[in-house]
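Q: Fold the following.
(chains A and B)
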Amino acid sequence: MASAIPQSLTSRRTAAPPARRATQDPAWVRWVLTGIALVFLGFFLVLPLAAVFAEALRRGVGAYFAAFVDADAWSAIKLTLLVAAIAVPCNLVFGVAAAWCVAKFKFPGKSLLITLIDLPFAVSPVISGLLYVLVFGLQGWLGPWLQEHDLKVIFAVPGIVLATVFVTFPFVARELIPLMQSQGTDEEHAALTLGANGWQTFWRVTLPNIKWGLFYGIILCNARAMGEFGAVSVVSGHIRGETNTMPLHVEILHNEFNSVAAFAVASLLALLALVTLVLKSMIEWRHARSLQGGT
Amino acid sequence: MSARSERSVIPGFNLSLGFTLTYLGLIVVIPLSAAFLKTAGMSWSAFVDAVASPRVLASYRLSFGASFLAALVNCVFGLVVAWVLVRYSFPGRKIVDALVDLPFALPTAVAGIALAAIYSKNGWVGQWVEPYGIKLAFSQIGVFIALTFIGLPFVVRTLQPVIEELEPELEEASYTLGASRWQTIRRVILPDLFPPLLTGFAMAFARALGEYGSVVFISGNMPMRTEITPLLIITKLEQYDYRGATAIAVVMLVVSFILLLFINLLQRWSRRHHRI
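A: Below is the predicted model of the structure:
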């Protein structure tokens, strides 16, 4: 601190541009803070990511790929893809519908509706799973009726899909609502005035305006759908080859001390996370304006 | 009047609102009300027994304590990270910036086994501290580490836009009036950053409270010692104690909703604070 005062005095005397000096930290502060930030991120972000691949490849490439020969691993991969293929489109359609009515119209209770849409983010994944057990489980509201009709939701694929839909519920909607609100309704008005009908207006005017925001929401929704663990864990029943998604399969392999196989399957999920981050960053860098609704 | 004319021109209000409310009702509102109705059927003493037994109380202490500490640590380091990412330029800054979102994108189970591998006694970090008798994985420290990982992006991402929009004129004015850089930071910059910092803290804390996947692999899951509340809910479910599990879930839901309300108020305050 003591050295900082004379330094600022000398710099004033040598007439350094005050605008720069006034908003810039001294070089040593910059170095120290950058160092602290990088070490912290290194420990908490880079190290775990590196560990996934290092542990997966610890016994060599052969052992790594052997993990995927397993039929249970394949069925877990297929189930994960299936669940995401159902959950993401459901929440996509919902997100567009919710954003349309919230952004283009005025109605009472709108802020309550927005809060309710965000609610699933505030709920612990474990509790999300529990909620569906309470509705569809044997002890639950619909359980006896489902059993009578020989339908299975909990400890079966439908339960996994429902729990995934719940935890990924707000992703697309919360991306689109602020975007469409900031875009307003002028262009839609123009299209309608020129004689387009509602669907034409949506497909030709609204959709091109929101496509990057929509894509952004979809990749985040998809990453969470494929990676969800807590909620799915509660409703899945952990039946190998039937109701195990990839994250659940990772857990089983880990508990069986089959570390290489666990990390091999985990490495696929880590790759998914990296691809998600790359796509997300690319959209942010190239289409920053269309994400904020600038026209 | 303008609202009415808008409503009549742009089509699809009934369709989109109807679909939104139906879907919201089926997926979110009905299942959530199931938890509250199930608990409403319990007697008061049974409810208290379920949510305040010694084992449950121990899990609250760990969950709340570790989440609080993790969010606090994230505030300190998240502030440094956000400041460095916005104000300084260094090679690889954009990559580091993108990497901050990793805890959002990486499945929690993957994070969990990776953290457990690093901090267990043979791991990259664990082997250096184990000789000193410090156990990182399979202890309460492990829970704290996992929750810090999970909460990191919340603080950074809440602070970044606010730091970007700080007006350089204020710092220049403060400099011109003779304040040292440190005085400027403490008196001019930090007060502006306080609302978003608190928001980020609350978000990280709320997320950490409910977190399950990244914690269970590193915590060791010993009852009374390293058992977090979400894990206890699962344990009760596995013992077919649906009422006990639901009662604890309702307590956690109420806490989450209060936090959500608090965060919303904070954001509103933060926005107003910013405009003035």
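Q: Please report the distance of residue A:32 from residue A:26.
A: Applying C-beta to C-beta, to the nearest Å, the value for residue A:32 to residue A:26 is 10 Å. In short, each C-beta sits where N, CA and C put it, glycine included.
Q: wait, I meant residue A:238
A: Distance, residue A:238 to residue A:26, using C-beta to C-beta: 57 Å.
Q: Is residue A:181 in contact with residue A:106, as I believe?
A: No. When contacts are counted by C-beta atoms under 8 Å, residue A:181 is not listed as touching residue A:106 (11.4 Å).
Q: what's the closest non-adjacent residue to the closest residue to chain A within the stretch 151-276 of chain B?
A: When distances are taken as C-beta to the nearest C-beta, the stretch 151-276 of chain B reaches nearest to chain A at residue B:210, 2.8 Å away. Excluding the flanking residues, the one nearest residue B:210 by C-beta to C-beta, 6 or more residues apart in numbering or on different chains is residue A:124, at 2.8 Å.
Q: How about residue B:114?
A: Nearest one to residue B:114, counting by C-beta to C-beta, 6+ apart, is residue A:48 at 4.0 Å.
Q: And for residue A:264?
A: Nearest one to residue A:264, counting by C-beta to C-beta, 6+ apart, is residue A:67 at 3.6 Å.
Q: Next, give phi and psi for the most centrally placed residue in chain A.
A: Geometric centre of chain A, nearest residue: residue A:220, 3.2 Å, by C-alpha atoms, centre = their mean. Note on residue A:220: its backbone torsions stand at phi -70, psi -40 [degrees, to the nearest 10].
Q: neighbours around residue 231, how many?
A: Chain wasn't specified; assuming chain A. Counted with other C-beta atoms under 10 Å in any protein chain shown, the neighbours of residue A:231 add up to 30.
Q: wrong one, I was asking about chain B
A: Around residue B:231 there are 21 other residues, counting by other C-beta under 10 Å.
Q: In terms of helices and strands, where is it?
A: For residue B:231, the enclosing helix or strand under DSSP states H and E is helix B:229-238.
Q: Relative to the whole chain's centre, how far out is that helix?
A: Chain-centre distance of helix B:229-238: 20 Å, with C-alpha atoms, centre = their mean, to the nearest Å.
Q: Who are the packing partners of it?
A: Counting contacts by 3 or more C-beta pairs under 8 Å, 6 or more residues apart in numbering or on different chains; DSSP states H and E, helix B:229-238 packs against helix A:125-136, helix A:230-236, helix B:54-87, helix B:213-219, helix B:242-275.
Q: can you pull the buried residues of that helix?
A: Within helix B:229-238, the residues scored as buried using 16 or more other C-beta atoms under 10 Å in any protein chain shown are B:229, B:230, B:231, B:232, B:233, B:234, B:235, B:236, B:237.
Q: ok, the third one touching residue B:223?
A: No. At 9.6 Å, residue B:231 and residue B:223 do not qualify as touching, with contact defined as C-beta under 8 Å.
Q: sorry, back to before: just give the nearest non-adjacent residue to the residue nearest to the centre of chain A, would you?
A: Of all residues not flanking residue A:220 in the chain, residue A:171 sits nearest, at 5.1 Å (C-beta to C-beta, 6+ apart).
Q: Contacts only, for that neighbour.
A: A:91, A:95, A:217, A:220, A:221, A:224 (C-beta atoms under 8 Å, 6 or more residues apart in numbering or on different chains).
Q: returning to what we had before: and the helix or strand harbouring the residue nearest to residue B:114, which residues are buried?
A: Assigned by DSSP H and E, residue A:48 belongs to helix A:47-56. Buried residues in helix A:47-56, counted by 16+ other C-beta under 10 Å: A:47, A:48, A:49, A:51, A:52, A:53, A:54, A:55, A:56.
Q: cool, stretch B:75-87 as well?
A: For stretch B:75-87, a neighbour-count test (16+ other C-beta under 10 Å) marks B:75, B:77, B:78, B:79, B:80, B:81, B:82, B:83, B:84, B:85, B:86, B:87 as buried.
Q: so which of these are also by chain A?
A: Taking C-beta under 8 Å from any C-beta of the partner chain as the test, chain A is in contact with B:77, B:80, B:81, B:83, B:84, B:85, B:87 out of these.
Q: Let me know the closest of the residues you listed to residue B:272.
A: residue B:83 (23.3 Å; C-beta to C-beta).
Q: what residues are up against the closest one?
A: Residue B:83 touches A:33, A:37, B:159, B:163, counting by C-beta under 8 Å, 6+ apart.
Q: wait, doesn't the last one sit right on residue B:80?
A: No. In this structure, residue B:163 sits apart from residue B:80 without contact. The criterion is C-beta under 8 Å, and the distance is 11.4 Å.
Q: can you pull out the helices in the stretch 101-250 of chain A?
A: Assigned by DSSP state H, counting those that start in this stretch, the stretch 101-250 of chain A shows helices spanning A:110-122, A:125-136, A:143-148, A:157-167, A:171-183, A:186-193, A:198-201, A:207-227, A:230-236, A:246-255.
Q: who touches the fourth one?
A: Right, helix A:157-167. Residues from elsewhere that reach helix A:157-167 (C-beta under 8 Å, 6+ apart): A:79, A:82-84, A:86-87, A:90-91, A:120, A:123, A:125, A:128-129, A:131-132, A:136, A:152-153, A:224-225, A:228, A:231-232, A:234-236, A:243, A:245, B:27-28, B:31.
Q: I'd like to know which of the residues you listed are buried.
A: A:79, A:83-84, A:86-87, A:90-91, A:120, A:123, A:125, A:128-129, A:131-132, A:136, A:153, A:224-225, A:228, A:231-232, A:234-236, A:243, A:245, B:27-28, B:31.
Q: pretty sure residue B:98 contacts residue A:279?
A: No. Under the criterion of C-beta under 8 Å, residue B:98 makes no contact with residue A:279, lying 10.3 Å away.
Q: three-state assignment of residue A:40?
A: With DSSP: H, G, I helix; E, B strand; the rest coil as the basis, residue A:40 sits in helix.
Q: Next, residue A:153: phi, psi?
A: phi -110, psi -50.
Q: what's the nearest residue to it if we skip its chain neighbours?
A: Nearest residue to residue A:153, sequence neighbours excluded (C-beta to C-beta, 6+ apart): residue A:136, at 3.9 Å.
Q: so the one you found touches residue A:143, yeah?
A: Yes. Judged on C-beta under 8 Å, residue A:136 makes contact with residue A:143 at a distance of 6.4 Å.
Q: any residues in contact with both of the two?
A: residue A:154.
Q: Around the residue nearest to residue B:210, count how many other residues there are.
A: 27.
Q: Output the residue of the stretch 151-295 of chain A whose distance to chain B is smallest.
A: Residue of the stretch 151-295 of chain A nearest chain B, by C-beta to the nearest C-beta: residue A:227 (2.8 Å).
Q: quick one, what contacts the residue lying closest to that residue once chain neighbours are set aside?
A: Once flanking residues are discounted, residue A:227 sits nearest to residue B:107: 2.8 Å by C-beta to C-beta, 6+ apart. Applying C-beta under 8 Å, 6+ apart, one finds that residue B:107 lies in contact with A:226, A:227, A:228, A:229, A:246, A:247, A:266, A:269, A:272, A:273, B:213.
Q: That'll do, ta.
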